[in-house]
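> Sharing a model prediction with you, sequence too.
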Amino acid sequence: MFQAHCNGCTQRTVGNDALNEALNAFIAKARQLRPTAVIVCILPADGLTPDDELAVEGADFALPQPFTTPHLRGVLRQADEKLLLLQEVAALRTARRGTG
């Protein structure tokens, strides 16, 4: 889980540019290490700048604060469904390579 920490700094002490770069780097590394990872970003209540929106686009799902328990469950259910689909696709590709 990425919580907008950058070298031990929190969002209050790091500029948005550094946070966006850290978020983009985190998402890229997560995708590199685990291509089937499903990434959910929790967005701040005070809204997003256009740069923030670009950084969050790399995530599979975004959940704005404040959120309700049903909303959280819905996003997590969608994330779980996407993960299952990605795993099925990976298994089918592996099986296809074995028969080809």
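Okay, I see it.
> ok, and the helix or strand in the protein with the lowest average confidence?
Every helix and strand of the chain was ranked by mean pLDDT, DSSP states H and E. The lowest is helix 50-56, at a mean of 77.
> which helices and strands sit right next to that one?
Packed against helix 50-56 by the contact rule (3 or more CB pairs under 8 Å, 6 or more residues apart in numbering; DSSP states H and E) you find helix 16-33, strand 40-43. All C-beta atoms are positioned from the backbone trio N, CA, C, and that covers glycine.
> spatially speaking, which residue is in the middle of the chain?
The chain has residue 39 as the residue nearest its centroid, 2.6 Å off, counting by CA atoms, centre = their mean.
> okay, it: pLDDT?
Residue 39 carries a pLDDT value of 92.
> now swap in residue 29 and tell me
At residue 29, the model reports a pLDDT of 93.
> Quick one: mean pLDDT over the helix or strand hosting residue 95.
Residue 95 belongs to helix 69-99 when assigned by DSSP states H and E. Across helix 69-99, the average pLDDT comes to 93.
> What residues sit buried inside the least confident helix or strand of the chain?
52, 55, 56 (16 or more other CB atoms under 10 Å).
> Also stretch 30-41?
In stretch 30-41, counting by 16+ other CB under 10 Å, buried: 30, 38, 39, 40, 41.
> would you list the residues you listed in TSV and tack on distance to residue 71?
Listed next are those as TSV, based on distance: CB to CB, whole Å:
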residue	distance to residue 71
30	23
38	17
39	17
40	12
41	14
